[in-house]
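K.L.:
predicted model, plus sequence, below.
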Amino acid sequence: MKTLEVDSLDIPELEPYRTMRRTIEHRERDIFVAEGEKVVRRLIESDLRVCSVLLTPEWFGAYRGLLKERSIEQGIFIANKAVLEKIVGYGLHQGIMAIGRVPENIDLKSAIMEIPRPALVVALDGIANSENMGVIVRNSAAFGAHILISGETSCDPYLRRSVRNSMGTVFKLPMLKVASLRDELVWLRDEASYNIIAAHPRSDSIDLEKVDFTHDSCVVFGGEGGGISTAVLDICDVRATVRMSNSIDSINVASSVAVVLHEVDRQRCNVQR
């Protein structure tokens, strides 16, 4: 276990912590920031590569045993609270952070051969808000999604705020970033025989409870403003909506993911009984 006590952030290995706000640059280098106790712990416990860990002596004492069992490529850097307070968002990162390596894109055709049946895939079209993306990832993991597909118009699940809002569940859920969401969904529908279901709050959609989720399914969720694009919507087999009261016609997309996937889980649990 390589450790180094530092009294400054001005060494090359700590550059990603100094540039935490440059999330696009980090993504171009295939790295991401994990911040906060739960997120860092889940990164260390995952199979992902860890470049470095930066934390206070107190956190190092608490994490010593866990870190001893883990390969950390550049090492563990220990700094006092005054040094770490210079990094933006101390109230969020709590004096414990890590830099991880973004995993390689999975191959959808290979991945679906290895997941249990009935399979559940979540596909995202036009999700632009990174905080929403993080909560969507967390909800997808919580309700048993096996794979998450992020379309070409969606932000990256490994952006800093996405990772933070996912509470580290992004490390548990296989991810696929695609150049054409429509093409991947057509393949899932026509070649893999998945039901492609659009979460689409419109008057011509059917109630969520009437949709059969007991077979291999891919549920598509649209962006915060315009919803699912016409090109993607046109190839969906079913359009489903959540019943709402008080003349409200839509809810936040992350909330929608939780509601829809809970219904999927409910139906599948009933079948297993």
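P.N.:
Thanks, I have it.
K.L.:
quick one: the helices in the chain?
P.N.:
For the chain, the helices defined by DSSP state H cover 15-18, 23-28, 37-45, 57-68, 81-84, 90-93, 108-111, 130-142, 160-165, 181-190, 230-233, 253-272.
K.L.:
who's in contact with the first one?
P.N.:
Outside of helix 15-18, the residues that reach it under the criterion C-beta atoms under 8 Å, 6 or more residues apart in numbering are Leu9, His26, Ile31, Val33, Cys51, Ser52, Leu54, Ile87, Met97, Ile99. (Glycine included, C-beta is placed from N, CA and C.)
K.L.:
now do Leu124 against Arg49, distance only.
P.N.:
Taking C-beta to C-beta, to the nearest Å as the criterion, Leu124 is separated from Arg49 by 25 Å.
K.L.:
which one's more surrounded, those two?
P.N.:
Applying other C-beta atoms under 10 Å to Leu124 and Arg49 shows that Leu124 carries more neighbours, namely 28 against 16.
K.L.:
ok, the more buried one - contacts?
P.N.:
Leu124 makes contact with Met133, Ile136, Leu148, Ile149, Ser150, Gly151, Ser154, Leu181, Val220, Phe221 under the criterion C-beta under 8 Å, 6+ apart.
K.L.:
got the CA coordinates for stretch 65-78 in CSV?
P.N.:
Taking Å, rounded to 0.1, in the frame of the first residue of the first chain, the C-alpha atoms of stretch 65-78 are listed here in CSV:
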residue,chain,number,x,y,z
GLY,A,65,-8.1,-2.1,6.2
LEU,A,66,-10.1,-1.7,3.1
LEU,A,67,-7.4,0.1,1.2
LYS,A,68,-4.8,-2.5,2.2
GLU,A,69,-6.7,-5.1,0.1
ARG,A,70,-7.0,-2.8,-3.0
SER,A,71,-4.7,-1.9,-5.8
ILE,A,72,-4.4,1.9,-6.1
GLU,A,73,-2.4,2.8,-9.2
GLN,A,74,-0.8,6.1,-8.2
GLY,A,75,-1.1,5.7,-4.4
ILE,A,76,-3.0,7.0,-1.4
PHE,A,77,-2.5,10.7,-0.5
ILE,A,78,-3.1,11.9,3.0
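K.L.:
and the contacts of it?
P.N.:
Stretch 65-78 has contacts (C-beta under 8 Å, 6+ apart) with 1-6, 13-14, 41, 44-45, 49-57, 60, 99, 101.
K.L.:
return the subset of those residues lying in strands.
P.N.:
Using DSSP state E to define strands, the subset of those located there is Thr3, Leu4, Glu5, Val50, Cys51, Ser52, Val53, Leu54, Leu55, Ile99, Arg101.
K.L.:
list the buried residues of the worst-scoring helix or strand of the chain on mean pLDDT.
P.N.:
Counting by mean pLDDT, DSSP states H and E, the chain has its least confident helix or strand at helix 90-93, which shows a mean of 76. Using 16 or more other C-beta atoms under 10 Å as the burial criterion, the residues of helix 90-93 that qualify are His93.
K.L.:
swap in stretch 100-114?
P.N.:
Of the residues in stretch 100-114, Gly100, Val102, Pro103, Ile106, Leu108, Ile112 count as buried by neighbour count, 16+ other C-beta under 10 Å.
K.L.:
who's in contact with the fourth one?
P.N.:
Read it as Ile106. By C-beta under 8 Å, 6+ apart, the neighbours of Ile106 are Ile147, Pro174, Met175, Leu176.
K.L.:
what sits against the third one?
P.N.:
Right, the one you point to is Met175. Here Met175 is in contact with Pro103, Asn105, Ile106, Ile147, Leu148, Ser150, Pro157 (C-beta under 8 Å, 6+ apart).
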